[in-house]
Structures are given as structure tokens and as C-alpha cells.
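Asks: Sharing a model that was predicted from the sequence below.
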Amino acid sequence: MASPTVTVLMAVFNAEAYLREAIASVLSQTLSNFELVIVDDCSTDGSWRIVVEAASADNRILPVRRVAQGGASAALNLGLAQARGAYVTRQDGDDVSVPTRLAEQVAFLETHQEVGAAGTQAFFIDPAGAVLGVTSFPEVDSEIQPALLDRMCFIGPTVMARRDAFERVGFSFDEALAGSEDYDLCLRLAEVAALANLSGKLYRYRQHASSVSHHQRHRQLFRKALGLEKAMQRRFGESPPAEMRALVARDYLRAGVVAHAAGAATAREAYVASAVSTDPSVFGNIAAIEKMVRRYAPGAPIGSTLDFTRSVFDVVLPRNKRLNSLRRRLVRELHVRQLWSDVQQDPAKVKQHVWRALRSNPACVANRGVLRLLMRHGFGSARQTSSPQTR
């Protein structure tokens, strides 16, 4: 039997709600010479029945079922053991591929022999399929290589790798990096070949309630940092450049902040310790720390945001002059933000937030809006209180 041009791997666990659509999007590709290897990771819903029915209707589908649940990376590796294609890519069981996706990626790789793997841009969609946003990842290797050390700049399932490039980096997903196995694979591929992203939006990437939560997100971020540390060790051995250590330490610290948000104290302490051991100067990266606190603070209510912000500085971070200054500024901004809301919703609370903002950072009195409110609700109320006594 002739080998297919493309192997499409699909790891499935309880994907019944979207699985038929996902499989149909592969079967309807304009490039027809592919195999779809679907590995069911011991689903407890109707996923396996859907897979078997689809395979009975189309011989390009190879159904595989694990005897014990092992997670997505292990399921993908089981699928790789069956793969025969010259190119290997993925399709998640709740996502959708645009009909021309495989054809466009193969055509690109055929005409760009220096590129070892290529992804595509994507639409983010909600459970009903409505578009929430689009990606804008870098497209050429000269931009992707430095960006990849900072962040994942591919939609993982869209990455199509040449089989020979994949084999040069082990032809497997790292099962110890579950949740960040795509990032790790891209880092490894980047070490042996050029990478690219097609400009077309050829994938619909579904966001829904079963996506990674805060309670799992810290583990994913830790594994992302671990994957980056492994890349640092492969590339630089015992003498990595300072900027590389700083990126790895930043990622470990980010995992610590998210673990703190999830109430996972033991994990938080371990992640922060990894950050410090990687780069003892990690707490000097004020810009990165500010970005973390802002990003992972709950958006509302203001009390929760304030509590989280204070607790990060009290529990996660050490005390020093620069961090104390950052804390005062962030707390002041939160009080001022609530102040403008209270002006419209509950004027009685205005003075409370004005004085709290002033105590956090007296410099906020330089804000003309704050000064006007202070005059109106602070000094003004004092005049009203004393006026009856002077009559």
C-alpha cells in the first residue's frame, strides 16, 4: 500500500460534542491522500462509538483505543507509532480545519525545502462556532526563532512537520510536558530546521468551559518553563546567556503567581524556588512582574483584585524598594479605578477610596481628577459639617 502524503493525528478524550464536526473537517480536505489516526484515550462518553462509525465509512481513518488512560501526549505517541505519512500534523477533536488546510500546507512545504515545519493562522471560536478573534503569529523563521524563546507562536495542532525533521528530534511528544508538549516540539524542531506560519487562517480553534483553568494553568505554565529550560540546556549546555536564563526564570515565576491565584501553596513555593535558582536576579525584572500581576489578577470585584495584588507582594515576592514602589502604584491605580466607578454608582464610597489611594501613594493627588473629587467629597463635606456650628 502506498504511503499517504500526510498523517493527521487526533487524540480524543470525551469529545463527543464536537468530534463528528472535527472528523468531517479532515475528511472534507481538498487534499485527499492522507490518513487520519484517531487515538481514543479511554473516553467515557460516546467518542469511541463515533470514531468506529467514521472508520467503517472511510478507510483513511485508523481507529486506535488505549487500554489505560495516559493523557494526550501518550495518545499522540501511540498514534505516531502508526504514522506513515511524509508529513505529520494534528487535529484536535473539538476543532475544525478549513477544507484547503492540508493542501496549502503541503504546497508550501514542497516549495520551501528549507522549512522543516509550518503552522497556520487560526480563528478562535466559541462552543457554538462563532468567531471570537484571530491569531497574528510571525510568519518567517527570522521572526519566529527569537519569538519562540519568549512565547508559543503557533497554534499547536496546525503545525505540519516533515517526517525527516520530526525524526531528527525524536519523533515523539514529551509526555513529561503534558499541556506544553506542542511548545516543546516546536522548540526542538527550531533547532534542526527553519519554521514558518502560513498567512491564511486555516484552522478554527475552539475555546470552551473545559479549557485549562487557573487550577490547571499553573501546571501547564510550569511545564512550559521546563520545556524552555530543556531547550536552553540543549543549546547552551552549562553556560547559557543571561537573557536566556532570565526568560526561563520569568516563566517559572509566572507559574508561581498563577499557582498562588489557584491556592496551590506547595506548587507556588517550588516554582518560585526554580525561578530563583535559574536566575537569582529574577525579582529585578519589574516590567515582567507588573505584567504578571495585572494579567492574573481577577478582573472583578475590585476587592478581590486588591486582595490578590497585595497578597502577591506579601507572599510570592520579596520586600525591596523597587517592588514596594510597584505595589504602591498598582494598589493606588486600583483605588482610583474604583473611585471613578463609585462616582456614578455610590458617591458615599468616594472619600473612602480617595484616602486609601492617598495612603498607598500620596503622588496620586497630582491627578487633577482625584484632586477635584477630594475637594468635593473631602474638604466639601468638612465645610458642610461645620457650617451649622458657625451660624
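Replies: The structure has been received and is ready for your questions.

Asks: can you dump the C-alpha coordinates of stretch 283-296 into CSV?
Replies: Provided in CSV are the C-alpha atoms of stretch 283-296 (Å, rounded to 0.1, in the frame of the first residue of the first chain):
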residue,chain,number,x,y,z
PHE,A,283,12.9,39.8,41.1
GLY,A,284,14.6,42.7,39.5
ASN,A,285,12.5,42.2,36.3
ILE,A,286,9.9,44.8,37.4
ALA,A,287,8.3,45.1,34.0
ALA,A,288,7.7,41.4,33.8
ILE,A,289,6.4,41.2,37.4
GLU,A,290,4.0,44.1,36.8
LYS,A,291,2.7,42.3,33.7
MET,A,292,2.1,39.1,35.6
VAL,A,293,0.2,40.8,38.4
ARG,A,294,-2.0,42.7,36.0
ARG,A,295,-2.7,39.7,33.8
TYR,A,296,-3.6,37.2,36.5
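
Asks: tell me the domain boundaries of the protein?
Replies: If you go by automatic domain parsing, the domain ranges for the chain are 6-206, 328-382.

Asks: can you tell me the average pLDDT over the longest one?
Replies: Mean pLDDT, taken over the full extent of domain 6-206, equals 97.

Asks: Can you give me the first-to-last residue distance of it?
Replies: By Cα to Cα, to the nearest Å, the extent of domain 6-206 from end to end equals 23 Å.

Asks: In the stretch 151-300 of the chain, what residue spans correspond to helices?
Replies: If you assign secondary structure with DSSP state H, counting those that start in this stretch, the helices in the stretch 151-300 of the chain sit at 163-168, 181-190, 214-236, 242-261, 265-278, 286-296.

Asks: List the buried residues for stretch 324-340?
Replies: If you call a residue buried by 16 or more other Cβ atoms under 10 Å, then stretch 324-340 has these buried ones: Leu326, Arg327, Arg328, Leu330, Val331, Arg332, Glu333, Leu334, His335, Val336, Gln338, Leu339. Heads up, the C-betas are built off the backbone N, CA and C, glycines and all.

Asks: Now intersect those residues with the helices, please.
Replies: Mapping those onto helices (DSSP state H) picks out Leu326, Arg327, Arg328, Leu330, Val331, Arg332, Glu333, Leu334, His335, Val336, Gln338, Leu339.

Asks: Now the residues you listed in TSV, please, with extra columns for distance to Glu290 and pLDDT.
Replies: Putting these into TSV (distance: Cβ to Cβ, whole Å; pLDDT from 0 to 100) gives the following:
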residue	distance to Glu290	pLDDT
Leu326	6	95
Arg327	10	94
Arg328	12	91
Leu330	7	92
Val331	12	88
Arg332	13	82
Glu333	11	84
Leu334	13	84
His335	17	75
Val336	16	72
Gln338	19	68
Leu339	21	62
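
Asks: Any regions of the stretch 201-350 of the chain where pLDDT drops low?
Replies: Across the stretch 201-350 of the chain, the ranges flagged by pLDDT under 70 are 209-215, 338-350.
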